[in-house]
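> Build me a model from this:
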Amino acid sequence: MPRNNMFDEAVDKREKEQSEITEHVTKKTDRSMKMTLSLTPEDRILVKTYAIRNNLTVSELFHKWISEFCAA
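Numbers count the residues shown, from 1 in each chain. A predicted model of the protein is given here:
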């Protein structure tokens, strides 16, 4: 059934936006969680520098450390 009223374009745009939002929200399969870690400014710089030099994110660096030293 063709739509011919003045709101058709707005409806189509909103349906597309909603579809993109739904896809983004439901697509996420990452099981990451946020964690707060207190470091001295010097340690923070060391960690970030090490990660950068090794082409890692800080999260990847911690994951690597956990896998190596904390794995059961």
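> so which strand or helix has L56?
Following DSSP states H and E, one finds L56 outside all helices and strands.
> for it, phi and psi?
Main-chain torsions, L56, degrees, to the nearest 10: phi -120, psi 160.
> Contacts for stretch 63-72 next, please.
L56 (C-beta atoms under 8 Å, 6 or more residues apart in numbering). (C-beta placed from N, C-alpha, C; glycine too.)
> hey, C-alpha coordinates of the helix-or-strand element of the chain with minimal mean pLDDT in PDB?
Taking mean pLDDT, DSSP states H and E as the measure, the chain has helix 8-27 as its least confident helix or strand, at a mean of 83. Taking Å, rounded to 0.1, in the frame of the first residue of the first chain, the C-alpha atoms of helix 8-27 are listed here in PDB:
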ATOM      1  CA  ASP A   8       6.000   9.500   5.100                       C
ATOM      2  CA  GLU A   9       9.600  10.800   4.800                       C
ATOM      3  CA  ALA A  10       9.900  11.400   8.500                       C
ATOM      4  CA  VAL A  11       8.500   7.900   9.300                       C
ATOM      5  CA  ASP A  12      10.900   6.200   6.900                       C
ATOM      6  CA  LYS A  13      13.800   8.200   8.400                       C
ATOM      7  CA  ARG A  14      12.800   7.300  11.900                       C
ATOM      8  CA  GLU A  15      12.300   3.600  11.100                       C
ATOM      9  CA  LYS A  16      15.800   3.500   9.500                       C
ATOM     10  CA  GLU A  17      17.300   5.200  12.600                       C
ATOM     11  CA  GLN A  18      15.500   2.800  14.900                       C
ATOM     12  CA  SER A  19      16.700  -0.200  12.900                       C
ATOM     13  CA  GLU A  20      20.300   1.100  13.100                       C
ATOM     14  CA  ILE A  21      20.100   1.600  16.900                       C
ATOM     15  CA  THR A  22      18.600  -1.800  17.400                       C
ATOM     16  CA  GLU A  23      21.300  -3.500  15.300                       C
ATOM     17  CA  HIS A  24      24.000  -1.700  17.200                       C
ATOM     18  CA  VAL A  25      22.600  -2.600  20.600                       C
ATOM     19  CA  THR A  26      21.800  -6.200  19.800                       C
ATOM     20  CA  LYS A  27      25.000  -6.900  17.800                       C
END
